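Novice: Make a model of this:
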Amino acid sequence: VVTLSLLMYPVLRSLALQLHSAITGSYVAGTHSIAFINCLNEQIAKDIARAIMDKKLAAYVNILPKSLALYFWKGELEETTEILLLVKTRTSKIGELSNYVRSIHPFEIPEIISLPIDQGNPLYLKWIEESVPRD
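Specialist: Residues are numbered from 1 along each chain as shown. As a prediction, this is how the structure comes out:
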């Protein structure tokens, strides 16, 4: 019973949050997220952004211009320029988004991290919800 309860918790929590949101009309913090994805150059960034949009894994993708990146790779300090994607999506889509990007990204270990959206313009957050299909 305990194991089943633990396995069902994420599903039950999600349903409870959806019900709360529907009844109160309020945004539930963390329902949507912003994912950060690094890319080697602008063409790769555009290709990945379009692929994400084609799969309907996001409502919106910003492609930010070159930034300088410093990081350790295989014990050596590296310095390069990168393009950053900011991907706005449902939090429930982050796993699928991450798996898909890893399958098409040229980096051995691409940066794919996300942060939940705590608050924001309610109309914008509703638009994200309407633009990205449920699971």
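
Novice: all strands in this structure, in order from the N-terminus.
Specialist: Assigned by DSSP state E, the chain shows strands spanning 32-39, 60-73, 76-90, 112-116.

Novice: Domain map for this structure?
Specialist: The chain breaks down by the TED database into domains covering 1-28, 31-131.

Novice: Can you tell me which of these is most buried?
Specialist: domain 31-131 (a mean of 15; mean count of other C-beta atoms under 10 Å). (Glycine included, C-beta is placed from N, CA and C.)

Novice: pLDDT (mean, whole number) over that one?
Specialist: When pLDDT is averaged over domain 31-131, the result is 96.

Novice: what distance separates the start and the end of it?
Specialist: Distance between the boundary residues of domain 31-131 (C-alpha to C-alpha, to the nearest Å) amounts to 14 Å.

Novice: what separates that domain from the chain centre, distance-wise?
Specialist: 6 Å (C-alpha atoms, centre = their mean, to the nearest Å).

Novice: So the residue most central in space within the chain versus Leu84, what's the distance?
Specialist: Residue closest to the mean C-alpha point of the chain, counted by C-alpha atoms, centre = their mean, is Ala35 at 3.4 Å. As judged by C-beta to C-beta, to the nearest Å, Ala35 and Leu84 stand 11 Å apart.

Novice: and what of Pro110?
Specialist: Using C-beta to C-beta, we find Pro110 at a distance of 12 Å from Leu84.

Novice: so what sits against both of those two?
Specialist: Counting by C-beta atoms under 8 Å, 6 or more residues apart in numbering, the common neighbours of Pro110 and Leu84 are 37-38.

Novice: Spit out the contact partners of the residue nearest to the centre of the chain.
Specialist: Residues near Ala35 by C-beta under 8 Å, 6+ apart: 58, 85-87, 89, 94, 97-98, 112-114.

Novice: one more time with 10 Å, if that's ok
Specialist: Residues near Ala35 by C-beta atoms under 10 Å, 6 or more residues apart in numbering: 52, 57-58, 61, 85-89, 91, 93-94, 97-98, 101, 111-115.
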